[in-house]
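Engineer: give me the fold of what follows.
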Amino acid sequence: MIMVTLYDLGISISFIVGNSKISVKNAAESEKDYDSNELTTILFREYENVSLEFTSMSDEDRIYFDGIDLLPAELCEIDDAGDLYLNPQKDEMVYPLFEYSSEYYAMRVGKYELKIYHNGIIYYQWFTVLPKNINGAEWEIMQQELEIEMQGLSTDIIRKNISLGNNKNEVVPSQELYRFFVIKKHCIIFRKNC
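Structural biologist: You can find the predicted model right below:
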């Protein structure tokens, strides 16, 4: 695991969350280090006002991150590959990542990758958006329950479409339903060719 200090690169990045400031001190040279304890921990709750302060000694430096497309278009630049990025700011300007207003969409709960482009090298850092009104364990339980419910609904729709009836006691695993549809597809193609 190789870490770089942003100060040594001439880069300064800070997240301003409400009235507090989280200064990003380091970044990783590999995406594999996303869970390293050596990285600066960046956490904030959804719907909190969050701004990003990004300055650099080089005007060529850039920041890319998941969810950047939620920002107003006039804040972002587009690179040759068509990806959105942010340039270093001048005059102590900050990028508002989220403000509680109709202009902004809230970032969803989850872990987001932040890429720092400097002298042709990409460095990695991550930030986490936490749920507003519940803790992490409650969020996990809610997510699992929702996934189970969605799996059940999709199974019900599939059972209805292939006329298996409404017998709830009979459980058909997803793998078996998938195999059934593959066989059905190939039978239809076989019938057309005969």
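Engineer: please make it C-alpha for all contacts and neighbour counts, starting now.
Structural biologist: Noted.
Engineer: wait, Ile42 touches Ile22, no?
Structural biologist: Yes - counting by CA atoms under 8 Å, Ile42 sits close enough to Ile22 to count as a contact (6.9 Å).
Engineer: shared neighbours of these two, which are they?
Structural biologist: Phe15 (CA atoms under 8 Å, 6 or more residues apart in numbering).
Engineer: what helices and strands are in contact with the top helix by length along the chain?
Structural biologist: What stands out as the longest helix in the chain, according to DSSP state H, is helix 136-161. Applying 3 or more CA pairs under 8 Å, 6 or more residues apart in numbering; DSSP states H and E, one finds that helix 136-161 contacts no other helix or strand.
Engineer: off-centre distance for it?
Structural biologist: Its chain's C-alpha centre and that of helix 136-161 lie 21 Å apart, by CA atoms, centre = their mean, to the nearest Å.
Engineer: and if you look at stretch 38-47?
Structural biologist: 13 Å.
Engineer: same check, this time on stretch 47-54
Structural biologist: 16 Å.
Engineer: likewise for stretch 61-72?
Structural biologist: 11 Å.
Engineer: please, where are all the helices along the chain?
Structural biologist: 6-9, 136-161, 174-193.
Engineer: quick check: which ranges of the chain have low pLDDT?
Structural biologist: 1, 102-104, 154-156, 158-175, 177-178, 189-194 (pLDDT under 70).
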